[in-house]
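[1] need the 3D shape of this:
(one chain, ligands or ions: 1)
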Amino acid sequence: MRKPIIAANWKMNKGPSETEDFLTSFLSKLGKATDKCDIVVAPPFVSLPKASQILHSHDVSVAAQNVSQYDAGAYTGEVNVLMLRELFVPYVILGHSERRSVFGESDEVINAKMLKAREVNLKPIFCIGETLEERESGQLEAVLKRQVNEGLKGFSEKDMLETVVAYEPVWAIGTGVTASPEQAQEAHAKVRVLLAELFGGDVADKVRIQYGGSVKPANAAELLSQPDIDGALVGGASLEVASFLQLIENGTNKGE
Ligand code: PEP
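    So this is what the prediction gives:
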C-alpha cells in the first residue's frame, strides 16, 4: 500500500516572511491530514531556512526546487547538496519541465543532479512528462522511456525506493488544462512498467508516482483515486492555504 504524497511547488513565489505566514496558518488548520498522506512544501532557496525551522517539529517535509550537480567551488548562483543537508532539507525536485525548457537542463544534467542528490541521501522528486506536440505525434511512450532511462542511470534499487516520480504532462502545467484521470492513469501505468523493467516489479510497486499539472481542489479526488496515482505535485493551487488544504482533503478522502 503506497501512502500518497502531496507536494507544493511554489516556484519563484514566497520569500521568507510570506513562507512564515503561509506555514503558520497552514499548520494551525492541517489537523490529521498527515495520517493519510505525506505532505511536502518546496519554497524558493531563500525561504528554505525559515521553512525548515518552522517545519522541523511537524510532520510536513521541506523540498528544494533544484540543486547543483557540482560540489562547492566556482559556480556562481548555484547551491550544492551539502548546503541543503545543512538546512535539514530531505527532498529536492529535479527535472521539472521549467528547468528542462526554460533553463535547458538535459536528461544528462538531470541525471548528474539525481546522482549527486543521492550521494547525501536527499530524496529526489523526479519530474518527467511529454509536451503536447510529443503526445500528439505519438511519442508519449518514447519520451517517458528516454526520460526514465536517462534520468535514473546509475540508480540502485535503494536509490529508487527513496525517489518519488512526478508525471507532469507539460501541456497541463500552469495551463488550467488537466489530463483526464484516464489519460493520467494510462501514463502512470506506463511509467510503472518502465520502472519495473529497470528495478524489478517489487521496487516498481513501492515507488510513489505523483501526478502534476493543474491539480486543484475540484479535480484532486478523481485523479488521486486512480490506482497508479499516488499523490500530486501542485503549483498554482498550493499558493493559498485554503486551496492547498482543500486539495489535500479532497485528494485523500477521494469522495469517501
Ligand atoms: C508544477 O509546477 O509542477 C505544476 C504542476 O504546476 P500547476 O499545478 O500550476 O500546473
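[2] residue ranges with poor pLDDT in the chain?
    254-256 (pLDDT under 70).
[3] quick one, longest helix in it?
    helix 181-199 (DSSP state H).
[4] and for the helix or strand following it, what's in contact with it?
    Using DSSP states H and E, the helix or strand that follows helix 181-199 in sequence is helix 201-206. Helix 201-206 is contacted by residues 2, 157, 160-161, 192-193, 195-196 when judged by C-beta atoms under 8 Å, 6 or more residues apart in numbering. Every residue, glycine included, has its C-beta placed from N, CA and C.
[5] who are the neighbours in contact with the residue of the stretch 101-250 of the chain found nearest the ligand?
    Relative to the ligand, the nearest point of the stretch 101-250 of the chain is Gly235 (2.3 Å; C-beta to the nearest ligand atom). Listed by C-beta under 8 Å, 6+ apart, the contact set of Gly235 reads 9-11, 173-174, 212.
[6] repeat that for 10 Å
    8-11, 13, 42, 96, 98, 168, 173-174, 212-215 (C-beta atoms under 10 Å, 6 or more residues apart in numbering).
[7] what do you get for Ile93?
    Applying C-beta under 10 Å, 6+ apart, the residues near Ile93 are 7, 9, 11, 40, 42, 63-67, 99, 124-127, 164, 166, 212, 233.
[8] which parts of this structure are helices?
    Under DSSP H, the chain gives helices at 16-29, 48-55, 81-86, 97-101, 107-119, 132-136, 140-151, 157-161, 181-199, 201-206, 217-224, 241-253.
[9] distance to the ligand added to these, as CSV?
    Conversion of the helices of the chain to CSV gives the following (distance: least, C-beta to the nearest ligand atom, whole Å):
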stretch, distance to the ligand
helix 16-29, 16
helix 48-55, 17
helix 81-86, 19
helix 97-101, 7
helix 107-119, 15
helix 132-136, 14
helix 140-151, 15
helix 157-161, 21
helix 181-199, 12
helix 201-206, 23
helix 217-224, 11
helix 241-253, 10
